[in-house]
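>>> here is a sequence with its predicted model. Questions after.
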Amino acid sequence: VKSVNVAELHRMRAAGEKIACLTCYDASFALIEDRAGVDFVLVGDSLGMVIHGRSTTTAVTVDDIVYHCRAIKDSLKRAYLVADLPFLSYATRERALDASQRLMQEGGAKMVKLEGGREQADIVEYLSVRGVPVCAHLGLQPQLIHKLGAFKVQGRDEAAASAMARDARLLEEAGADCLLLECVPADLGRRITEAATVPVIGIGAGAGVDGQMLVLQDILNISPMVTVGRSPRFVQNFMAQASDIETAVAAYVQAVKSGAYPAVEHCF
Ligand code: KIV
Ligand code: NA
């Protein structure tokens, strides 16, 4: 099988084939996700919450992300491996480059993801011109939790929406090869995707984006948030109709590809 790369993500966007994305933290799940046809596998800093049991992502380190990348990289034959740059690991150009080097060389990541808008354009350009593909994560930025106070929908009014759309454009111009939108109104997700020239992945960003991302433990209905009954609106439990995990993951991939997920009730 041919592995997914940046060009393939662009082809899928152009062809209107939805990109199925899912987080993954260990080899057992990596084999299942790869077999089930997940296109884009993320070692995200959500591992701080779903694996380490913290209430935020901010304690996650570069070592943690490298550790989980190493656990899954050899099990992915086709899927594209993307890794999060954790909180403050890209606070300066040098730190961003060192952290990205570790995620790619030790972890086997093909792309790094970082949170932020125009204020990160300089870092995105610094990485991009050195051959590091970057996914820029806009909308809800969980790494800002200590400033935001709560996880909530972003870009609700027109001023915030157009600022985010401008940020998306600036990050693309800085060299971002992919955008990720978290918790934004469906209209804004569509607007940014239509204006973009790179693939746009959404999590809680409606149906008008090029691909969908969810956290593995959320679709399996076993994440701490789900377990305490505080699961976000955009989460769908794919175990409800499935006899085993691989069937649930394959159903998620199918639902993304067919457009059945997200449904209106998952959107803002
Ligand atoms: O860390 C993560 O899992 C993420 C996704 C929710 C986009 O950043
Ligand atoms: Na993340």
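Okay, I see it. Residues are numbered from 1 along each chain as shown. Ligands and ions are numbered 1, 2, ... in the order given.

>>> make it CA atoms for all contacts and neighbour counts henceforth
Will do.

>>> now for this structure, the helix or strand with the poorest mean pLDDT.
Across the helices and strands of the chain, mean pLDDT, DSSP states H and E gives its lowest value to helix 224-227, namely a mean of 82.

>>> figure out how far that one is from the centre of its chain.
19 Å (CA atoms, centre = their mean, to the nearest Å).

>>> which is the next helix or strand following it?
Proceeding N to C from helix 224-227, the next assigned helix or strand is helix 245-258, under DSSP states H and E.

>>> show me what contacts the residue of the stretch 101-250 of the chain found nearest ligand 2?
Going by CA to the ion, ligand 2 is nearest to Pro142 of the stretch 101-250 of the chain, at 7.0 Å. Contacts here follow CA atoms under 8 Å, 6 or more residues apart in numbering; on that basis Pro142 touches Thr56, Thr57, Phe151.

>>> does the last one touch Gln143 like I think?
Okay, so that is Phe151. No: using CA atoms under 8 Å, Phe151 makes no contact with Gln143, being 10.0 Å away.

>>> what does this protein put close to ligand 2?
Contact residues, the chain versus ligand 2 (CA under 5 Å from the ion): Gly44, Asp45.

>>> which parts of the chain sit against ligand 1?
Residues of the chain that fall close to ligand 1, judged by CA under 6 Å from any ligand atom: Thr23, Gly44, Asp45, Ser46, Val215.

>>> count the neighbours of the third one for me.
Summarising burial for Asp45: neighbours were counted as other CA atoms under 10 Å, giving 26.

>>> can you give me the helices for this structure?
Along the chain, the stretches classed as helices by DSSP state H are 6-15, 27-36, 47-50, 62-72, 93-105, 121-128, 145-148, 158-173, 186-195, 216-219, 224-227, 245-258.

>>> how about these in TSV, adding mean neighbour count?
TSV is the format used below for those (neighbours: other CA atoms under 10 Å):
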stretch	mean neighbour count
helix 6-15	16
helix 27-36	20
helix 47-50	20
helix 62-72	20
helix 93-105	19
helix 121-128	21
helix 145-148	11
helix 158-173	18
helix 186-195	20
helix 216-219	21
helix 224-227	16
helix 245-258	19
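
>>> can you put the ones you listed in CSV and add distance to Met111?
CSV is the format used below for the helices of the chain (distance: least, CA to CA, whole Å):
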stretch, distance to Met111
helix 6-15, 9
helix 27-36, 17
helix 47-50, 18
helix 62-72, 12
helix 93-105, 8
helix 121-128, 10
helix 145-148, 24
helix 158-173, 15
helix 186-195, 20
helix 216-219, 19
helix 224-227, 27
helix 245-258, 21
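
>>> worst mean pLDDT among those?
Mean pLDDT is lowest for helix 224-227 among these, at a mean of 82.

>>> by contact count, what packs against that one?
Applying 3 or more CA pairs under 8 Å, 6 or more residues apart in numbering; DSSP states H and E, we find helix 224-227 packed against no helix or strand.

>>> just use 46 as the starting number from now, easier for me
All right, first residue 46 from here; so that's helix 269-272.

>>> contacts for it next, please.
Met94, Val95, Gly98, Asp263, Asn266, Ser276.

>>> do I have it right that the second one meets Ser268?
Looking back up the chat, that one is Val95. Yes: using CA under 8 Å, Val95 is in contact with Ser268, at 5.8 Å.

>>> give me the common contacts of the two.
Common neighbours of Val95 and Ser268, using CA under 8 Å, 6+ apart, are Gln262.
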